[in-house]
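*Asks:* got a sequence here, can you build the structure:
(chains A, B, C and D)
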There are 2 protein chains.
Amino acid sequence: MAVTIKDVAKKANVAPSTVSRVISDNPRISDATKKRVRKAMEELGYHPNVNARNLAIRSTQAIGVIMPSSAETSLQNPFFPEVLRGIGSMALETGYSLYVSTGGDDTQSFEEVKRMVYGNRVDGIILLYSRRNDPIMNFLVKEKFPFVLVGKPYKKESQITYVDNDNIQASKKMTEHLIELGHRRIAYLGGTTDLVVTTDRLDGYKQALSAANIPINEKFIIHDEFLRSSGRKAVEKLFSFSEPPTAILVADDMMSLGVINMLEELGIECPEDVSITSFNNLYLSEITRPSLTTVDINIYSLGIQSAKSLIERLKAKDEPVKRVIVPFEIKYRNSTRALTE
Amino acid sequence: MAVTIKDVAKKANVAPSTVSRVISDNPRISDATKKRVRKAMEELGYHPNVNARNLAIRSTQAIGVIMPSSAETSLQNPFFPEVLRGIGSMALETGYSLYVSTGGDDTQSFEEVKRMVYGNRVDGIILLYSRRNDPIMNFLVKEKFPFVLVGKPYKKESQITYVDNDNIQASKKMTEHLIELGHRRIAYLGGTTDLVVTTDRLDGYKQALSAANIPINEKFIIHDEFLRSSGRKAVEKLFSFSEPPTAILVADDMMSLGVINMLEELGIECPEDVSITSFNNLYLSEITRPSLTTVDINIYSLGIQSAKSLIERLKAKDEPVKRVIVPFEIKYRNSTRALTE
DNA sequence: GAGAAAGTATCAATCGTTTGCATGATAGCG
DNA sequence: CGCTATCATGCAAACGATTGATACTTTCTC
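*Replies:* Numbers count the residues shown, from 1 in each chain, chains lettered A, B, ... in the order given. Alright, predicted model coming up:
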């Protein structure tokens, strides 16, 4: 049906192998022949069959992107499209294709990864999250399959290439900012505890409090999904206390959005009654009322760097394990205020 | 290196072809043999090589998703992640994988599609936009490659399977709503003119105005990209007129966001001074101030339906050409007001 | 108990490339 | 002029599956 390398060979009066070598621009073929073959390819509208090629060379020029299981809900957080954007742009530049996991639950996700790996569908994988004892990551490590992590590994740090922000520092800086504004009852609202990013940011928070000699109130530490609804729930809880916090350090902009909504419904003013700081600097953090003081973690760059690291690794099998720390920057906006009492 | 069908065959004392038939659960193989082969597969940790399989059966169980060229900027509009979410969920359910275009300019996008099609990378394609004389779509039609369009084709409507809303009706309804509120100076802010969705919504707008005997003022019709910045520019222009509009029908929520921002900067109150209606019902339309009255076009469902139609077509070659109209629903919020003068 | 039918499993060709090795032609050398 | 480098190309075997044709057993039927 489709035109194959043999058709081209016949037309150009050479062997299929010669055509193949022309395609890869092998110096063993004379320029004259190359020209002739190229012309034949042109005329026949030849395009190589990727499957056959992949089969022969055992590679695919494709990279797999794995979202937290249930891309379903992940894609609702603009973090993922944004990092995908970075990855895509790098992939484009280097001629790689992108395979994205389609979600489902943990088991399905794992199955899909296996399909990618065993099935030779992709040459490498980018994992868009890092959590404790993640079966997928363990699997990749065990299989020695090339992959890059966006986030910090829970353990075996020195054996895994990863791209991350310095979340501890960022969180610490942000907390210090709140402390400087006079806040002492500061709550922390993070993602689920198995996520490394959650614990890192919690660490930074605790470090800052300790340094300022502020006791840590476990009731002020809440963990839940990175969703709007979680933000709402958390606020309800925090403001049921007799002494509610005067500031909340939220680990994700989507969550902050929920926080703001709920505060408004409860008639609590932000930043007058409570200050909020956030993470990620999604574009929505500019449009909320009030606009959010948030850490710009440079999501796009996380995407670029992870793709770059992976591709380098794919091109050179002996590429060393790397750690890339993408700088963050705090965006000061209108959701915080000095405490004056 | 990896374990192949032959290894399994040897271990189970059968021919490779038998193993293959066990995999596809062919009734020609006895249950006893099946059991034995499955056990061998299990023990060896066998996983089929997708490339080999694809090569042999000339199919890939993968579908390609094409964003408007430059996924780079598209991904900034939550419309695309959301429709991707729908597609992904359907793909997951049916065991298909997802290949997404990585953007770039028109030429690169076209190249990528060719690679997908000629290279046998995907079985079918979902095109996430519809515009006039799109070379990619023309190419797919010419090659008779299975694809589904999200949006309405510019022409050859009866030959192309597509999934869309009734944008003309939606726009008409929305315009009528504004007219009922007493507005007569209503502006239309749409996407670039080559997009069919833009012209459809413009048609609805015009129909409603004509029906109400309101003359159409060409100065009130502006076209630009579906971006925040375009919204801002448009407002600047509209309010430089001596008689600015009292209502604006905006064809995209991201644009509306820009409109709202600019209005605020100019000190024009919404909805007091000007009413705004929008399209898409992105989650951000709820969080803007004021929240947007917008058409919920059910993006997720667009994704689901398009994937479903494509997959049906892939499974049955003679599946008829289809049109799927996803219902819309107007969400009334706070960006419109009755004109009282 | 012979022949047909049904049920199983194998053989071998095929999918479209890549690539190590062999081969034939040309040129260079003394 | 004969012999060896050098260069350009072709041959054929992978890569790891699928599948139509074929062969071998059983089982059934009369």
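
*Asks:* tell me the centre residue of chain A?
*Replies:* The residue lying closest to the centre of chain A (CA atoms, centre = their mean) is residue A:128, at 3.8 Å.

*Asks:* give me the residue from the stretch 51-200 of chain A nearest chain B.
*Replies:* Chain B sits closest to residue A:118 of the stretch 51-200 of chain A, with a gap of 3.2 Å, by CB to the nearest CB. Placement of C-beta: from N, CA and C, glycine included.

*Asks:* poorly predicted segments of chain A, please.
*Replies:* A:1, A:70-73, A:341 (pLDDT under 70).

*Asks:* domain assignment for it?
*Replies:* What automatic domain parsing lists as the domains of chain A is A:62-165+A:299-327, A:167-297.

*Asks:* returning to what we had before: for the residue of the stretch 51-200 of chain A closest to chain B, give its distance to residue B:92.
*Replies:* Here the criterion is CB to CB, to the nearest Å. By it, residue A:118 lies 18 Å from residue B:92.

*Asks:* pick out whichever of these two has more residues nearby.
*Replies:* Between residue A:118 and residue B:92, counting by other CB atoms under 10 Å in any protein chain shown, residue B:92 is the more crowded of the two (23 against 18).

*Asks:* show me where chain A has helices.
*Replies:* In chain A, the helices defined using DSSP state H lie at A:5-12, A:16-23, A:31-44, A:50-57, A:71-74, A:79-94, A:106-118, A:135-142, A:167-180, A:196-211, A:228-238, A:253-266, A:284-287, A:299-315.

*Asks:* can you lay out those as JSON lines showing distance to residue B:104?
*Replies:* Converted to JSON lines, those look like this (distance: least, CB to CB, whole Å):
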{"stretch": "helix A:5-12", "distance to residue B:104": "27"}
{"stretch": "helix A:16-23", "distance to residue B:104": "22"}
{"stretch": "helix A:31-44", "distance to residue B:104": "23"}
{"stretch": "helix A:50-57", "distance to residue B:104": "19"}
{"stretch": "helix A:71-74", "distance to residue B:104": "23"}
{"stretch": "helix A:79-94", "distance to residue B:104": "5"}
{"stretch": "helix A:106-118", "distance to residue B:104": "24"}
{"stretch": "helix A:135-142", "distance to residue B:104": "29"}
{"stretch": "helix A:167-180", "distance to residue B:104": "32"}
{"stretch": "helix A:196-211", "distance to residue B:104": "31"}
{"stretch": "helix A:228-238", "distance to residue B:104": "33"}
{"stretch": "helix A:253-266", "distance to residue B:104": "28"}
{"stretch": "helix A:284-287", "distance to residue B:104": "27"}
{"stretch": "helix A:299-315", "distance to residue B:104": "14"}
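
*Asks:* take the domains of chain A and lay them out in CSV including distance to residue B:38.
*Replies:* Below are those laid out as CSV (distance: least, CB to CB, whole Å):
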stretch, distance to residue B:38
domain A:62-165+A:299-327, 16
domain A:167-297, 34
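
*Asks:* closest one to residue B:254 among the ones you listed?
*Replies:* domain A:167-297 (9.2 Å; CB to CB).

*Asks:* wait, does the closest one make contact with chain B?
*Replies:* Yes. On the criterion CB under 8 Å from any CB of the partner chain, domain A:167-297 is in touch with chain B at A:228, A:257, A:261, A:283, A:284, A:287, A:288, A:289.

*Asks:* let me see the contact set for the second one.
*Replies:* By CB atoms under 8 Å, 6 or more residues apart in numbering or on different chains, residue A:257 lies in contact with A:228, A:231, A:284, A:288, B:287.

*Asks:* which one of the residues you listed sits in the busiest neighbourhood?
*Replies:* Going by other CB under 10 Å, residue A:231 tops the contacts of residue A:257 with 29 neighbours.

*Asks:* any idea how far residue A:232 is from the closest residue to it other than its chain neighbours?
*Replies:* Nearest non-adjacent residue to residue A:231, counting by CB to CB, 6 or more residues apart in numbering or on different chains: residue A:258, 2.5 Å away. Separation of residue A:258 from residue A:232 (CB to CB): 4 Å.

*Asks:* please apply the same query to residue A:119.
*Replies:* Distance of residue A:119 to residue A:232, computed by CB to CB: 42 Å.

*Asks:* repeat for residue A:314
*Replies:* For residue A:314, the distance to residue A:232 (CB to CB) stands at 43 Å.

*Asks:* just want the residue of the stretch 151-300 of chain A that's nearest DNA strand D.
*Replies:* The stretch 151-300 of chain A approaches DNA strand D most closely through residue A:161 (26.0 Å), counting by CB to the nearest atom of the strand.

*Asks:* what number of residues lie near that residue?
*Replies:* Residue A:161 has 20 neighbours, counted by other CB under 10 Å.

*Asks:* surely it meets residue A:151?
*Replies:* No. Look at residue A:161 against residue A:151 with CB atoms under 8 Å: they stay out of range, at 11.8 Å.

*Asks:* can I get stretch A:239-256 in PDB, CA atoms only?
*Replies:* Extracted in PDB, the C-alpha atoms of stretch A:239-256 (Å, rounded to 0.1, in the frame of the first residue of the first chain):
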ATOM      1  CA  PHE A 239     -11.400  28.800  61.500                       C
ATOM      2  CA  SER A 240     -13.400  26.500  63.700                       C
ATOM      3  CA  PHE A 241     -10.600  26.900  66.300                       C
ATOM      4  CA  SER A 242     -10.900  29.400  69.000                       C
ATOM      5  CA  GLU A 243      -7.600  30.900  68.000                       C
ATOM      6  CA  PRO A 244      -7.500  30.600  64.200                       C
ATOM      7  CA  PRO A 245      -4.300  31.400  62.300                       C
ATOM      8  CA  THR A 246      -3.500  34.900  61.100                       C
ATOM      9  CA  ALA A 247      -1.600  33.600  58.100                       C
ATOM     10  CA  ILE A 248      -1.700  30.500  56.000                       C
ATOM     11  CA  LEU A 249       1.200  29.100  53.900                       C
ATOM     12  CA  VAL A 250      -0.500  27.200  51.100                       C
ATOM     13  CA  ALA A 251       1.500  24.800  49.000                       C
ATOM     14  CA  ASP A 252      -0.400  25.200  45.800                       C
ATOM     15  CA  ASP A 253      -2.200  27.900  43.900                       C
ATOM     16  CA  MET A 254      -5.300  25.900  43.200                       C
ATOM     17  CA  MET A 255      -5.600  25.200  46.800                       C
ATOM     18  CA  SER A 256      -5.200  28.800  47.600                       C
END
